[in-house]
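Student: could you work out the structure for the sequence below:
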Amino acid sequence: MWLTASLVLWLTVCAVQDLLRRQVSNWLTLPAFLLAGLWAVWHGGETLLLFGLVTLIMVWSWQKGVGAADGKIMAVLAVFMPAGFLLAVVLRLLVGGWLWMRHGRAARFPAVPVFAAGAVLSIPIQFLSGG
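Tutor: Presented below is the predicted three-dimensional model:
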C-alpha cells in the first residue's frame with residue numbers, strides 16, 4: 001500500500017505541475033522512470049517487456065509531439081501499477097477523442113491529470129485483486 005500511496009502523491013504533484021505549466025519537470029519524472037527501468041530489469045519477464053514496449057512507444061510519440069513526461073509517467077505506471085496504466089490509457093483515449101471531436105485534431109490538453117485519475121480509479125481493482 002505504501003507504493004500505491006507514493007505513486008498517487010507523485011502523480012498528484014506531476015498533475016498539478018502539468019495543469020499550471022503545461023509541462024512536468026525532468027527532476028520529477030526522470031528519477032521515477034529510471035527506478036522503474038531498474039525494477040523492470042531486476043524482475044524481468046512481463047514487467048521488462050511492458051516497460052520496454054511503453055518506452056519504445058514513448059520515444060515514437062515524443063517524435064510525433066507528445067510530451068516526454070507523459071511517456072515517462074506511463075512507463076512508471078506500467079511497471080508499478082499495471083491496472084492504473086491500463087485505465088490511464090483508456091481515459092486518455094476517451095478524453096482525447098472527446099476533445100478532438102469537439103475542437104478538432106489540434107486540441108491539446110494536459111494529459112497527466114488524466115493519467116493520475118486513471119491510476120487512482122484503479123486502486124479498488126488492485127485492492128480487490130490482492131495486488
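Student: list the residues that contact the residue sitting nearest the centre point of the chain.
Tutor: Centroid-nearest residue in the chain, with Cα atoms, centre = their mean: residue 74, separated by 2.6 Å. Applying Cβ atoms under 8 Å, 6 or more residues apart in numbering, we find residue 74 in contact with 54, 58, 85, 88-89, 115. C-beta coordinates here come from the backbone N, C-alpha and C atoms, glycine included.
Student: helix or strand right after the strand or helix carrying it?
Tutor: Assessed by DSSP states H and E, residue 74 sits inside helix 68-80. Sequence-wise, the next helix or strand downstream of helix 68-80 (DSSP H and E) is helix 82-103.
Student: quick one, helices of the chain?
Tutor: Per DSSP state H, the chain carries helices over the ranges 2-21, 26-43, 45-63, 68-80, 82-103, 112-121, 123-129.
Student: what's the weakest-modelled helix or strand in the protein?
Tutor: helix 123-129 (a mean of 77; mean pLDDT, DSSP states H and E).
Student: follow-up on the earlier one: distance from the helix holding residue 74 to the middle of the chain?
Tutor: Mean C-alpha position of helix 68-80 versus that of the full chain (Cα atoms, centre = their mean, to the nearest Å) differs by 4 Å.
Student: what's the angle between that helix and helix 45-63?
Tutor: 170 degrees (axes from the mean of the first three to the mean of the last three Cα atoms, to 10 degrees).
Student: quick check: mean pLDDT of helix 68-80?
Tutor: The pLDDT scores in helix 68-80 average 89.
Student: report the angle between that helix and helix 2-21.
Tutor: Going by the same axes, to 10 degrees, helix 68-80 makes 170 degrees with helix 2-21.
Student: may I have helix 68-80 as CSV, with CA atoms only?
Tutor: The C-alpha coordinates for helix 68-80 follow below in CSV (Å, rounded to 0.1, in the frame of the first residue of the first chain):
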residue,chain,number,x,y,z
ALA,A,68,8.3,13.2,-22.9
ALA,A,69,6.9,13.5,-19.4
ASP,A,70,3.7,11.7,-20.4
GLY,A,71,5.7,8.8,-21.7
LYS,A,72,7.9,8.5,-18.6
ILE,A,73,4.9,8.7,-16.3
MET,A,74,3.1,6.0,-18.4
ALA,A,75,6.2,3.7,-18.2
VAL,A,76,6.3,4.1,-14.4
LEU,A,77,2.6,3.2,-14.2
ALA,A,78,3.2,0.2,-16.4
VAL,A,79,5.8,-1.2,-14.1
PHE,A,80,4.4,-0.3,-10.6
